[in-house]
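Peer 1: Take this sequence and fold it.
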Amino acid sequence: MTEYVGFASLPDIVHRKTVKKGFEFTLMVVGESGLGKSTLINTLFLSDLYKDRKTSDYVPPQTAKVEKQTLCIEEQGVKLRLTVVDTPGFGSSLTSDECITTCCEYIDEQFRAYFSEESGVVRKNIVDNRVHCCLYFIPPHCHSLRPLDIEFMLSIHEKVNVIPVIGKADMLTEKEKARVKQKINDSIKENGIKVYQLPDCESDEDEDFKQQDKELKACLPFAVVGSNTILEVNGKKMRGRQYDWGLVEVDNPNHSDFGKLRNMLISTHMHDLKEVTEDVHYENYRTQLISKISQQAFKDRGKIKRDSVPKLPVALDETDILLFQKDEELRRMHDVLAQMQEKLKSNNEKSNHSLYLSAQKSLEKENKKMENVINV
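Peer 2: Coordinates of the predicted model:
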């Protein structure tokens, strides 16, 4: 066929609508204070999310809490609503239960809010605040995963995409860095921790993309260095850290994995992170929540007392509510018949017998109505 139909322009239409709508991405950063979490986020998105925080006077809280910062970024006409969830005070307390519970409850709360809006009548402008990725910072001086790291990742890996990150990697030599990465990967495998797995490349991808994907997989966990300081060396401006022994360049792949982490989060795998959140983590939460609602509805039906107002589950539609009310009417009719049967056994008066027959006819009518509703 040589004629032009026109459906080849569909990708352009989808592209225009998507760009006009914009994108949403929520990133959670978790780790102890002093590992460079805030600096890394500012370096990643070339912004200052914590401009109101004075570094010299800032004291992290003694208990873990959640702080959310939202930033709208526009680049070449593409808008991104970035939400960064920080957890100051993580690891400050003597026990780790509170830190883990705080993070897990926040993720579940976002799932619950999205489920509530998705189940509502108006679903046109749903705001997606679900956590799409969690960067978990590991101290470089520990040389492996600590019990706190293992417990936290095991508690959260079924809820969000976890990416382990070694903070302040300029404290390690190249040999130490390779050894720490190997020990962390071995510990992740031994404890059955499910970190985010980069998807395999398709067979039709070009060689450059395949090589880039191979390097990303070999780089996990990322050993990063963050800095917002602009240095000028030999007439060239760069972001880095100046030490007495030399210069650490943030974007230099020989000094830090920052460039690989940035490309994975922003350029190549942001959409995949959102898809895994939607299709795996949120779907698991949604299935469990619906199952709990159904079980609770079944328990409530068995526990409702006579003449009490039934408590209906939130997720029931109009048909379920009607069936629920009919069940209650039939239950009350059965109670009345049972009482009359007891009276007939003790007293064989004809008036009671005729009343019993009348009530039985009413019950038969209600059963027929119930069958009609169920058929509809």
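Peer 1: Can you verify my assumption that His269 contacts Leu198?
Peer 2: Yes: using CB atoms under 8 Å, His269 is in contact with Leu198, at 6.7 Å. (Glycine included, C-beta is placed from N, CA and C.)
Peer 1: quick one, which of the two is more surrounded?
Peer 2: His269 (21 against 16; other CB atoms under 10 Å).
Peer 1: Could you tell me the per-residue confidence at the more buried one?
Peer 2: Note on His269: pLDDT of 87.
Peer 1: and it, what is it in contact with?
Peer 2: Counting by CB atoms under 8 Å, 6 or more residues apart in numbering, His269 touches Leu198, Pro199.
Peer 1: Please apply the same query to Glu109.
Peer 2: Here Glu109 is in contact with no residue (CB under 8 Å, 6+ apart).
Peer 1: mean confidence for the helix or strand hosting it?
Peer 2: Per DSSP states H and E: Glu109 is located in helix 97-118. Average pLDDT, helix 97-118: 89.
Peer 1: what are the pairing partners of the helix or strand just after it, and which direction each?
Peer 2: Counting by DSSP H and E, the element after helix 97-118 in chain order, helix or strand, is strand 133-138. Within its sheet, and counting by DSSP bridges, strand 133-138 is paired with strand 23-30 (parallel), strand 162-166 (parallel).
Peer 1: TSV for those strands, including mean neighbour count, mean pLDDT and distance to Lys68?
Peer 2: Listed next are the strands paired with strand 133-138 as TSV, based on neighbours: other CB atoms under 10 Å; pLDDT from 0 to 100; distance: least, CB to CB, whole Å:
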stretch	mean neighbour count	mean pLDDT	distance to Lys68
strand 23-30	21	90	9
strand 162-166	23	93	19
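Peer 1: any chance you could map the strands in the stretch 101-250 of the chain?
Peer 2: 133-138, 162-166, 222-223, 230-233, 236-243, 246-249 (DSSP state E, counting those that start in this stretch).
Peer 1: which outside residues touch the longest one?
Peer 2: For strand 236-243, contacts defined as CB under 8 Å, 6+ apart pick out 43, 170, 225, 227-232, 247-252, 255.
Peer 1: rewinding a little: closest to Phe7 out of the strands paired with strand 133-138?
Peer 2: Of all the strands paired with strand 133-138, it is strand 23-30 that lies closest to Phe7, at 25.2 Å by CB to CB.
Peer 1: ok and the closest one relative to helix 97-118, angle-wise?
Peer 2: If you take axes from the mean of the first three to the mean of the last three CA atoms, to 10 degrees, strand 23-30 sits at 170 degrees to helix 97-118.
Peer 1: Using CSV, list the CA coordinates for strand 23-30.
Peer 2: Output of strand 23-30 as CSV, limited to C-alpha atoms (Å, rounded to 0.1, in the frame of the first residue of the first chain):
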residue,chain,number,x,y,z
PHE,A,23,5.4,14.4,34.8
GLU,A,24,5.4,13.5,38.5
PHE,A,25,8.1,11.8,40.4
THR,A,26,8.6,11.2,44.1
LEU,A,27,12.0,10.3,45.5
MET,A,28,12.6,9.3,49.1
VAL,A,29,16.1,9.6,50.6
VAL,A,30,16.9,7.6,53.8
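Peer 1: quick revisit: most tightly surrounded among the strands of the stretch 101-250 of the chain?
Peer 2: strand 222-223 (a mean of 26; mean count of other CB atoms under 10 Å).
Peer 1: Parallel or antiparallel, list what pairs with that one.
Peer 2: Strand 222-223 is paired, per DSSP bridges, with strand 162-166 (parallel).
Peer 1: can you give me the helices for the stretch 251-376 of the chain?
Peer 2: 258-262, 270-276, 282-303, 318-346, 350-375 (DSSP state H, counting those that start in this stretch).
Peer 1: which helices and strands sit right next to the first one?
Peer 2: Applying 3 or more CB pairs under 8 Å, 6 or more residues apart in numbering; DSSP states H and E, we find helix 258-262 packed against helix 37-45, helix 207-219, strand 222-223.
Peer 1: So which of these is nearest Leu289?
Peer 2: helix 37-45 (30.9 Å).
Peer 1: Moving C-terminal from that closest one, which element do we reach first?
Peer 2: Following helix 37-45 in sequence, per DSSP H and E, is strand 67-75.
Peer 1: Output that following strand in PDB with nothing but the alpha carbons.
Peer 2: Coordinates of the C-alpha atoms in strand 67-75 are reproduced here as PDB (Å, rounded to 0.1, in the frame of the first residue of the first chain):
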ATOM      1  CA  GLU A  67       9.900  16.100  55.600                       C
ATOM      2  CA  LYS A  68       8.500  16.700  52.100                       C
ATOM      3  CA  GLN A  69       9.700  19.200  49.600                       C
ATOM      4  CA  THR A  70       8.100  19.800  46.200                       C
ATOM      5  CA  LEU A  71       9.800  21.500  43.300                       C
ATOM      6  CA  CYS A  72       8.600  22.200  39.800                       C
ATOM      7  CA  ILE A  73      11.300  21.900  37.200                       C
ATOM      8  CA  GLU A  74      11.000  22.800  33.500                       C
ATOM      9  CA  GLU A  75      13.600  21.800  30.900                       C
END
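Peer 1: Pull out the buried positions in it.
Peer 2: Ile73 (16 or more other CB atoms under 10 Å).
Peer 1: Given it, what are its sheet partners and their directions?
Peer 2: Assessed with DSSP bridges, strand 67-75 is paired to strand 78-86 (antiparallel).
Peer 1: where does the stretch 201-350 of the chain have low pLDDT?
Peer 2: Along the stretch 201-350 of the chain, segments meeting pLDDT under 70 span 302-328, 341, 343-350.
Peer 1: Tell me who's in contact with Ile188.
Peer 2: Leu145, Met153, Pro164, Val195.
Peer 1: Just those: which are in helices?
Peer 2: Met153 (DSSP state H).
Peer 1: Just confirm Gln110 contacts Val127, I think it does.
Peer 2: No: assessed by CB under 8 Å, Gln110 is found out of contact with Val127, at 10.2 Å.
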